[in-house]
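A.B. asks: could you look at this predicted model? Sequence included:
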Amino acid sequence: MGGDVTLDILKTCEQLEQLKEQWSELWLRDPLATPFQHPAWLIPWWHQFGDGELRIVTIRQNHSLIGLLPMYVRYDLSTREHQLLPLGISTSDYLGGIFAAECTTEHVKAVLQLLRAHSDWAMFFVSQLEPNSRLNEALRRKPNLFKECHSDPCCRMPATPLDQLPRKIRQNALYYRNCALRTGQLEFAVADANNCLQWFEEFRKMHTNRWKMAGEQGVLAEPAVLDWHREAIPQLQTHGLLRLCRLNCGGNPIGGLYSLIDPPIRTNRKQYLYLTAYSPEHAEFRPGTLLLAFAIDHAFREGVQVIDMLRGEEEYKRNWHLNSYSTRSWVWRPAESSSGKELSEFG
């Protein structure tokens, strides 16, 4: 691999916590890293959903962290097998490792070899990878071992000012804005470090009430999910990765947006729209449409180039002229490899 490169596997929560600062610094050096791969998002996730044993692989060159693959082993009751999975699976729209420029595909292949050599799992699965990531490249080069499988695409659009949004959206936003203004002052606002948790509680109430009216609970009714976000939100805010927005009418919140954002140093900066909520009592003003229109306008003025509405085929997305953005997912069952020479196949 060249240079003084060492690979290690960390297995305890204490080691994970000790890595937080170096992990954050490495995250800033990877132009493909999203907020979903930041320790402010994933370590709180592990605190609530870590039902297995950690397998955090670090790549160091001359003692400096240049690569990290956050995984864990979980026993799946339905298949009765141990699975090696990425932290954040199921609740995050982009996953995988983070790598500095000096971390090569060969380094990542060595990580995969190390995991196989220390395997206590029957199935390796990674999903929602950026197509250009080094992890995806390492997996793609060995199709006889790793099998590509279905991966949900995300939906993107350019960040634009309000007057350049799709025609139907723009017309609707202006119409319902005027309707709302007849009942009180309309204000779009963004949370800060002093009020982000308070705003999240108001967001949770709107989100849960909306789903109750539809006869469902909604994800924020689950205690573990709530505790995860309550821990993550202040950390995301501290690192400049949170955009918790709300729309007020007459001083009362009628809509909310929980989103993540790339730091200003990123080129092709993105904002990721994770969850939305609105007050059912104000549904006649289409607060969801109004909120997104104002949020995209605000993102544009903040220097964001891309709005990512993430996974899902929700009906409201159909009017926004979104482009599909493919991700990659891979599965590997060593016992099913035809050659029986898995380790040598990495060379």
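C.D. replies: Perfect, I can see it now.

A.B. asks: mind listing what Arg286 touches?
C.D. replies: 172, 176 (CB atoms under 8 Å, 6 or more residues apart in numbering). In short, each C-beta sits where N, CA and C put it, glycine included.

A.B. asks: okay, now the unreliable bits of the chain?
C.D. replies: Where the chain drops to pLDDT under 70, the residues are 1-3, 337-347.

A.B. asks: buried residues in the lengthiest strand in it?
C.D. replies: Identified as the longest strand of the chain according to DSSP state E is strand 64-76. Of the residues in strand 64-76, 65-74 count as buried by neighbour count, 16 or more other CB atoms under 10 Å.

A.B. asks: now the two most distant members of the residues you listed.
C.D. replies: Across these, no pair lies farther apart than Ile66 and Arg74, at 27.3 Å, counting by CB to CB.

A.B. asks: about what we covered before: extract the CA atoms of the longest strand of the chain and return them as PDB.
C.D. replies: The C-alpha trace of strand 64-76 is given here as PDB (Å, rounded to 0.1, in the frame of the first residue of the first chain):
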ATOM      1  CA  SER A  64      -2.600  10.200  11.000                       C
ATOM      2  CA  LEU A  65      -6.200   9.100  10.300                       C
ATOM      3  CA  ILE A  66      -6.800   9.000   6.600                       C
ATOM      4  CA  GLY A  67      -9.800   6.600   6.300                       C
ATOM      5  CA  LEU A  68     -12.600   5.200   8.400                       C
ATOM      6  CA  LEU A  69     -15.300   2.600   7.800                       C
ATOM      7  CA  PRO A  70     -18.000   2.600  10.600                       C
ATOM      8  CA  MET A  71     -19.600  -0.900  10.700                       C
ATOM      9  CA  TYR A  72     -21.100  -3.200  13.300                       C
ATOM     10  CA  VAL A  73     -22.100  -6.800  13.600                       C
ATOM     11  CA  ARG A  74     -25.700  -7.600  14.400                       C
ATOM     12  CA  TYR A  75     -27.500 -10.900  14.700                       C
ATOM     13  CA  ASP A  76     -30.600 -11.000  12.500                       C
END
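
A.B. asks: same for the very next helix or strand once past it, what does it pack against?
C.D. replies: For strand 64-76, the following helix or strand on the C-terminal side (DSSP states H and E) is strand 81-86. The contact analysis (3 or more CB pairs under 8 Å, 6 or more residues apart in numbering; DSSP states H and E) places strand 81-86 against strand 64-76, strand 123-129.

A.B. asks: can you tell which of those is closest to Ala193?
C.D. replies: Between Ala193 and the helices and strands packed on strand 81-86, the tightest spacing by CB to CB is seen for strand 64-76, at 26.0 Å.

A.B. asks: walk me through which strands that closest one pairs with, and which way each runs.
C.D. replies: strand 53-61 (antiparallel), strand 81-86 (antiparallel), strand 98-99 (antiparallel) (DSSP bridges).

A.B. asks: next, format those strands as CSV and append mean neighbour count and distance to Leu181.
C.D. replies: As requested, these are arranged in CSV below (neighbours: other CB atoms under 10 Å; distance: least, CB to CB, whole Å):
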stretch, mean neighbour count, distance to Leu181
strand 53-61, 20, 51
strand 81-86, 20, 46
strand 98-99, 26, 45
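
A.B. asks: domains in the protein, by residue range?
C.D. replies: As recorded under automatic domain parsing, the domains making up the chain are 5-151+327-346, 155-325.

A.B. asks: ok, then the element right after the strand or helix carrying Asp297?
C.D. replies: Element membership of Asp297, judged by DSSP H and E, is helix 287-301. Scanning forward in sequence from helix 287-301 by DSSP H and E, the next helix or strand is strand 306-310.

A.B. asks: and that following strand, how far from the chain's centre?
C.D. replies: Chain-centre distance of strand 306-310: 11 Å, with CA atoms, centre = their mean, to the nearest Å.

A.B. asks: please apply the same query to stretch 211-220.
C.D. replies: Chain-centre distance of stretch 211-220: 22 Å, with CA atoms, centre = their mean.

A.B. asks: ok, now stretch 130-148?
C.D. replies: With CA atoms, centre = their mean, you get 20 Å for stretch 130-148.

A.B. asks: what's next to that stretch, contact-wise?
C.D. replies: With CB under 8 Å, 6+ apart, stretch 130-148 has contacts from 32, 34, 67, 69, 94, 96-97, 99, 103-105, 107-109, 111-112, 124, 126, 129, 326-332, 337-339, 342, 345-346.

A.B. asks: put the alpha carbons of that stretch into PDB.
C.D. replies: Taking C-alpha atoms only, stretch 130-148 is exported to PDB below (Å, rounded to 0.1, in the frame of the first residue of the first chain):
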ATOM      1  CA  GLU A 130     -22.100   7.500  -3.400                       C
ATOM      2  CA  PRO A 131     -21.100   6.100  -6.800                       C
ATOM      3  CA  ASN A 132     -17.700   7.900  -6.700                       C
ATOM      4  CA  SER A 133     -16.800   6.800  -3.200                       C
ATOM      5  CA  ARG A 134     -13.600   4.800  -2.700                       C
ATOM      6  CA  LEU A 135     -15.600   2.100  -0.900                       C
ATOM      7  CA  ASN A 136     -17.900   1.700  -3.900                       C
ATOM      8  CA  GLU A 137     -14.900   1.600  -6.200                       C
ATOM      9  CA  ALA A 138     -13.200  -1.200  -4.200                       C
ATOM     10  CA  LEU A 139     -16.400  -3.200  -4.200                       C
ATOM     11  CA  ARG A 140     -17.000  -2.700  -7.900                       C
ATOM     12  CA  ARG A 141     -13.600  -4.000  -8.800                       C
ATOM     13  CA  LYS A 142     -14.500  -7.500  -7.400                       C
ATOM     14  CA  PRO A 143     -17.800  -8.500  -8.900                       C
ATOM     15  CA  ASN A 144     -17.000 -12.200  -8.400                       C
ATOM     16  CA  LEU A 145     -17.100 -11.600  -4.700                       C
ATOM     17  CA  PHE A 146     -19.400  -8.600  -4.100                       C
ATOM     18  CA  LYS A 147     -22.800  -8.600  -5.700                       C
ATOM     19  CA  GLU A 148     -24.500  -5.300  -6.500                       C
END
